[in-house]
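> can you look at this prediction? I've put the sequence above it.
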Amino acid sequence: MIEALQFEFIRNALAAGLLASVICGIIGTLVVVNRIVFLSGGIAHAAYGGIGLASFFKWPYLPSTIGFSLFAAMLMASVSYKMKHRADTVIGVIWALGMAFGIILVDLTPGYNVDLMSYLFGSILAVPRSDLFFMAFIGIAMILLVTYYYQDLLAMSYDEEFAKIRGVPVKKLYFVLIGMLAVTVVLVIQVVGLILVIALLTIPPFMVEKYAKSLFQMMVASSLLGAAFTVTGLWLSYQYNLTSGASIILVAGVVFLFSLIVDKIRFACHRT
C-alpha cells in the first residue's frame, strides 16, 4: 500500500476515507443510540434525487445533493417526530420517491448519462481535492456543533423525557441531528455509495457500543474503527483490483460477524 501513495488519486481516496470515517464515527454514534438507522437509510436513498437534479441541470454535485437531501431529511424528521407509529411507512414513501425522481431525471438528461454504479457503490478513487477541503470543513463544523450540544445530545439520546424536563430543546436538537445526518450521508456516498453508506454509519458504533463507557468514547472508537476498515479495504482493493467501496464494507462486515461470534463464545463460557 505504501508504494500506492505515490499516486495522487490514492492519497485523495485515503484522505476521503479517513475524513468519512471520522464524520461517520460521530454522526453514526448518534444514529445508533437514537435508533434512527431506518431514517438514515431513507435519507441515503432519497439523496439520489439530488444526484438527478445535479445531472439534469448541470449543477455542482455536492451542493445540489446536500440541498435535496436536507429537504427530504426535514420532511422525514417532521413525520418521524410527530407520527412515530407511522414514520416507517412515510419514510419508505419519501425514500422511493426520491430515488425514482433522481433516476427519471438521469434518464431525461441529454447526452451521456452519469454512471449509476459509481453512486450506488461509491467512487472513492475519483474524489477530487476540492471535495476533500469541503469534507474537512464540514467535518470540523460537525465536531464543533456536536461539542457545543454534547450534554443536550447525551440527555436526548438516552432519556428524551428527562431531557425535556431539564429544558433541553429536544425538537430543535432532533432536527439539527437529522440535518447533520443528511449532510453526512451525501459526503459518504462518494466513498462507499448509496447502498453501502448505512453500513459505514452503523457497523463501527454498533460494535463499540457495548465496550464504550461514554458517548464521547463511543464516537472516538467508532471513528478509529471506521478508519481501520477504510485503510484495510483500500489496501485490498488496490492489491486485488476490487471495487473500493464494497471492499471497505466487506472488511467491516467480516469483522462485525467475527465480533458477534466472539461475543457468543464469551457468553457461553461465562454461563458455564
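Okay, I see it. Numbering: from 1, shown residues only.
> confirm for me that residue 177 is in contact with residue 28.
No: in this structure, residue 177 is not within contact of residue 28 by C-beta atoms under 8 Å, at 11.8 Å. Quick note: C-beta positions are derived from backbone N, CA and C, even for glycine.
> for the two, indicate the residue with more neighbours.
residue 28 (30 against 23; other C-beta atoms under 10 Å).
> is residue 212 in a helix, a strand, or coil?
Secondary structure, DSSP: H, G, I helix; E, B strand; the rest coil: residue 212 is coil.
> what about it, how many residues close to it?
Each residue near residue 212 was counted by other C-beta under 10 Å, and the total is 17.
> ok, residue 211 next?
9.
> so what's the nearest residue to it once chain neighbours are set aside up against?
Spatial nearest neighbour of residue 211, chain neighbours left out: residue 221 (7.3 Å); criterion: C-beta to C-beta, 6 or more residues apart in numbering. By C-beta atoms under 8 Å, 6 or more residues apart in numbering, residue 221 lies in contact with 25, 204, 208, 211-212.
> element containing residue 221, please.
Following DSSP states H and E, one finds residue 221 within helix 215-240.
> returning to that earlier point: what's the most distant pair in the contacts of residue 221?
Across those, the longest distance by C-beta to C-beta is 14.2 Å; it joins 25 and 211.
> so who does residue 152 touch?
Applying C-beta under 8 Å, 6+ apart, the residues near residue 152 are 163, 168-169, 173.
> ok, so of those residues, who is nearest residue 86?
Using C-beta to C-beta, the contacts of residue 152 come closest to residue 86 at residue 173, 22.2 Å.
> mind telling me what element that closest one is part of?
Counting by DSSP H and E, residue 173 is found in helix 170-192.
> can you list the buried residues in the following helix or strand past that helix?
Going down the chain from helix 170-192, the next helix or strand is helix 197-209, by DSSP H and E. Buried residues in helix 197-209, counted by 16 or more other C-beta atoms under 10 Å: 197-208.
> nearest to residue 157 among those?
For those, the residue nearest residue 157 by C-beta to C-beta is residue 205; the value is 11.6 Å.
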